[in-house]
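1. Show me how the following folds:
(one chain, ligands or ions: 2)
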Amino acid sequence: MAQHRENDYIIPVLLVLYDYRDGCYMDIIKDKVSDYIGLSEEDLVPYQSRNPSEPRYRQIVGNLISHTNPELFQYIEMSIEDKKTKYILNKSGISFVENNLLSIKGKELGSAKNDAILNDFGVTNPEKNSNDQKIIKIAETKGIDKRPPSDMNVHSVIADMYGHKCQYATFIGEEHQTFIGSDGKPYMVIHHIIPMSARKDFFPKNLDVATNLVCLCPNCHERIHHGNNDEKREILKVLYDNYIRQLNSDGLYIGFETLLKKYY
Ligand SMILES: [Zn+2]
Ligand SMILES: [Zn+2]
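-> Ligands and ions are numbered 1, 2, ... in the order given. Take a look at the predicted model:
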């Protein structure tokens with residue numbers, strides 16, 4: 001499981017400060033940031049250094065603020081109150097949160113807007129599809145969390161689950177050849193349908209989840225990333241049509257043309 005790093009906390013900290021419009025102290029930020037981020041076990045273990053019993057994530061948030069991380073501090077002002085430093089969003093911080101983060105936050109919390117988005121995609125009653133359930137089951141029996149941050153175990157579980165076959169080929173009734181990998185099995189690449197580079201758009205949802213992963217032969221994987229427009233569109237459309245319900249049921253909503261744009 002991947003641990004969070006300093007920059008992973010920038011958006012959660014901004015959202016906390018937005019909730020405390022009059023500003024708040026470091027401790028409150030540390031207390032509240034977990035509301036906006038899925039903490040893994042590793043984030044919760046005590047972290048050596050200054051305060052030996054304080055969980056890792058709290059110390060990272062502390063560092064992020066005490067280092068006055070420039071990406072974060074363009075949106076924050078500091079003042080001293082009761083001899084403690086108080087942090088408050090500045091004007092551009094407020095407008096950044098309002099323009100970029102609030103709609104995403106609403107999505108996560110569930111709302112009428114959520115249903116409207118579902119309807120836009122023709123989904124009225126999203127049900128976990130059987131593929132999704134299968135992936136979760138396999139992951140569970142192997143003791144792997146359903147939100148595996150680029151865990152190679154999960155990647156191999158998914159390749160196993162799809163029989164080391166290119167999913168795109170299967171969907172279009174073909175079989176794609178590949179070479180035998182070092183594990184003695186046909187070599188496949190596990191690909192994120194919604195690219196990880198789009199994760200800011202989906203925060204606080206995690207894109208590195210089994211439902212967003214597909215097994216592709218190396219050739220198709222290169223085509224979807226580096227092919228010309230028609231190549232990309234052709235492969236992605238098939239994957240999209242086959243996976244969109246599964247993505248929706250995991251709270252990930254995106255239209256096809258928007259998704260295609262993420263591949264440039
Ligand atoms: Zn990929
Ligand atoms: Zn293929």
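
2. Provide the secondary structure category for Lys86.
-> strand (DSSP: H, G, I helix; E, B strand; the rest coil).

3. in the stretch 101-250 of the chain, which spans are helices?
-> Per DSSP state H, counting those that start in this stretch, the stretch 101-250 of the chain carries helices over the ranges 102-109, 112-120, 130-141, 152-161, 167-171, 199-202, 218-226, 229-249.

4. mean pLDDT for those helices: which is lowest?
-> When the helices of the stretch 101-250 of the chain are ranked by mean pLDDT, helix 112-120 comes last with a mean of 38.

5. quick one: the residue nearest the centre of the chain from His155, how far?
-> Geometric centre of the chain, nearest residue: Asn206, 2.5 Å, by Cα atoms, centre = their mean. For Asn206, the distance to His155 equals 15 Å [Cβ to Cβ, to the nearest Å]. (Each C-beta comes from the backbone N, C-alpha and C, glycine too.)

6. Repeat that for Val238.
-> Between Val238 and His155 the distance is 21 Å, computed by Cβ to Cβ.

7. just Ile244 next, same as before
-> 22 Å.

8. With Lys200 instead?
-> Using Cβ to Cβ, one gets 23 Å for the distance from Lys200 to His155.

9. who has more neighbours, these two?
-> His155 (18 against 12; other Cβ atoms under 10 Å).

10. tell me which residues form a beta bridge with the nearest residue to that one once chain neighbours are set aside?
-> In this structure, His155 finds its nearest non-sequential neighbour in Ile190, 4.2 Å apart by Cβ to Cβ, 6 or more residues apart in numbering. Beta-bridge pairing of Ile190 under DSSP bridges involves Cys215.

11. Correct me if wrong: Ile190 contacts Val214.
-> Yes - look at Ile190 against Val214 with Cβ atoms under 8 Å: they come within range, at 7.4 Å.

12. Those two - which one has more neighbours?
-> Val214 (24 against 19).

13. interface residues of this protein facing ligand 2?
-> With Cβ under 5 Å from the ion as the criterion, the chain meets ligand 2 at residues Cys166, Tyr168, Ala169, His176, Cys217, Cys220.

14. Try it again at 8 Å.
-> Contact residues (Cβ under 8 Å from the ion) of the chain with ligand 2: 166-169, 174, 176, 178, 216-217, 219-221, 223.

15. pull the helix or strand with minimum mean pLDDT from this structure.
-> Every helix and strand of the chain was ranked by mean pLDDT, DSSP states H and E. The lowest is helix 112-120, at a mean of 38.
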